[in-house]
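K.L.:
Sequence and computational prediction follow.
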Amino acid sequence: MSNDSLIKTSLLLFIDQIVVLAAGGWFFWLLISKMTSPSVVGQATAVYSLVNLVSVLATVGLEYPLLKRSLKDRSQILGTALAIQTIATGLSIPVVLYMLYNIYYDSADLVSVALLILVSWPILLTTRFALLGISNARIVLFIDSIGTPLKFIAAYILLSLNLGSAAILISIMIFNLFLAAAGLLFTTRFYGFTL
């Protein structure tokens, strides 16, 4: 990879991380906190943080081999990484169910949305790091740039319907499912899909 290509890829990834994801995430929570009560935000944050923690543990560190081996083993790396992360995530579902039902025992809607967020993580992370592994930060930025406003619109509409914590989690679920679907579309185009 040439120095110009490296700098361009790094700049695109920096813009994606700082502007789209970090600033967009901060603005999302700022907007949400103005639209609903602190208890609703707190409940959604607690559920999302649990799902986020479990999903990071379930990735079992595969993002770095994806970055390293994407160019070399392109034909097999995507399917294998997706299979491993999906199995690890599937094994973590009982833990999430146990914890959520013990904390929010009266809210089956929060639990079901949390599970959908959890299930989207292996696809989202695998495809994201696979695209970054072939230095395709432009597509990652493109996907995130479309997904972020989608999350805002969904949150605004759902909170307007007085869905409470579920509204926040559903908007995050829509964001994650969009990123996962778009990432899968692009990675299968570049990688193919084999084990």
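P.N.:
Alright, I've got the coordinates.
K.L.:
Check which helices and strands the lowest-mean-pLDDT helix or strand in the chain sits against.
P.N.:
When the helices and strands of the chain are scored by mean pLDDT, DSSP states H and E, helix 63-69 comes last with a mean of 75. On a contact count with 3 or more Cβ pairs under 8 Å, 6 or more residues apart in numbering; DSSP states H and E, helix 63-69 meets helix 74-103, helix 108-133. Yep, even glycine has a C-beta here, placed from its N, CA and C like the rest.
K.L.:
Listing request: residues of this structure with sub-threshold pLDDT.
P.N.:
Within the chain, the segments meeting pLDDT under 70 span 1-3, 71, 73-75, 104-106, 192-195.
K.L.:
in it, which residue is closest to the centre?
P.N.:
N176 (4.4 Å; Cα atoms, centre = their mean).
K.L.:
contacting residues around that one?
P.N.:
117, 120-121, 124 (Cβ atoms under 8 Å, 6 or more residues apart in numbering).
K.L.:
can you redo the residues you listed as JSON lines with neighbour count and distance to A182?
P.N.:
Listed next are these as JSON lines, based on neighbours: other Cβ atoms under 10 Å; distance: Cβ to Cβ, whole Å:
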{"residue": "I117", "neighbour count": "24", "distance to A182": "16"}
{"residue": "S120", "neighbour count": "23", "distance to A182": "12"}
{"residue": "W121", "neighbour count": "23", "distance to A182": "15"}
{"residue": "L124", "neighbour count": "25", "distance to A182": "9"}
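K.L.:
and which of those residues is nearest to A154?
P.N.:
Nearest to A154 among the contacts of N176 is I117, at 13.0 Å by Cβ to Cβ.
K.L.:
Could you check how far the nearest residue to T148 once chain neighbours are set aside is from F152?
P.N.:
Nearest residue to T148 in three dimensions, chain neighbours excluded: G24, at 4.3 Å (Cβ to Cβ, 6 or more residues apart in numbering). For G24, the distance to F152 equals 8 Å [Cβ to Cβ, to the nearest Å].
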